[in-house]
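# Just the structure for this:
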Amino acid sequence: MISCGVDEAGRGPMFGPLVVGAVYCDDDSVLKRIGVKDSKKLSPGQRERMYDEISDSVMHWCVVPISAEDIDSKMKTQSLNMIELDLFVEAVSAYGADTVYADCPDVNTERFGRIMESRLDGRKVVAAHKADALYPVVSAASIMAKVTRDRMLDDLRKEFDVEIGSGYPSDAVTAGFIEKWIKDNGCAPKHTRTSWEPVRKMLSARKTTSLDDW
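Just a heads-up that it's a prediction; the model follows:
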């Protein structure tokens, strides 16, 4: 019996990509030996080490990233939950599995799981809140997604040649970076989710300031 775990990293940030990870295995004992757990409870060093060990140990894994610009575009017609579900389906379809364990973003886990099942040719889907703490295969998926996203953020730091923080609205470094960019350039920097409320407020404040100056 092949199990697949699927989870995301970067759902909430206002800057940078969202990354979905999927891990496939027929025996999660190897994941338990590695010591996988919810990626948020691991240090960056632990995640990097486990990323390599998971990659070398499981039968298959993959990541599916989506850019901030594509998230903004899709959110004109879709909820974030449905965007995430589409990415889950894409990741899970990359390899055969009997049962899929999904870390569910929806308040209604049964509905989310039912929709996923309907798009996966009847494969059983177990959708649960905090699945990354319940199922080692989902913990492993969360680690692959998180490390991939962190590496993508490192590339963005090099692109801008400044510190950009974690991308989350609560991160003062990220907020300061975006706010300064908007003030200096009149628009949000590339890789910013302009559909996010904090960014919309910054853009609105810049527009109001410009009108006052005029």
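
# partners of the helix or strand harbouring V23, with directions?
Applying DSSP states H and E as the criterion places V23 in strand 18-25. As defined by DSSP bridges, the strand partners of strand 18-25 come to strand 3-9 (antiparallel), strand 60-66 (antiparallel).

# Tell me the helices and strands packed up against the worst-scoring helix or strand of the chain on mean pLDDT.
Lowest on mean pLDDT, DSSP states H and E among the helices and strands of the chain sits helix 197-213, with a mean of 79. Under the contact definition 3 or more C-beta pairs under 8 Å, 6 or more residues apart in numbering; DSSP states H and E, helix 197-213 sits against helix 172-185. C-beta coordinates here come from the backbone N, C-alpha and C atoms, glycine included.

# how about the helix it packs on: buried residues?
Buried residues in helix 172-185, counting neighbours by 16 or more other C-beta atoms under 10 Å, are found at T174, A175, F177, I178, E179, W181, I182.

# Can I get those residues in TSV including distance to K207 and pLDDT?
Formatted as TSV, those follow (distance: C-beta to C-beta, whole Å; pLDDT from 0 to 100):
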residue	distance to K207	pLDDT
T174	21	98
A175	18	97
F177	19	97
I178	15	97
E179	13	96
W181	15	96
I182	10	95
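
# which among these gets closest to K158?
Nearest to K158, judged by C-beta to C-beta, of the buried residues of helix 172-185 is F177 at 14.2 Å.

# If you drop the residues flanking it in sequence, what lies closest to that closest one?
I164 (5.1 Å; C-beta to C-beta, 6 or more residues apart in numbering).

# what separates that neighbour from L42, distance-wise?
From I164 across to L42, the span is 22 Å (C-beta to C-beta, to the nearest Å).

# Looking at those two, which one has more neighbours?
For I164 versus L42, the count of surrounding residues by other C-beta atoms under 10 Å is larger for I164: 24 against 20.
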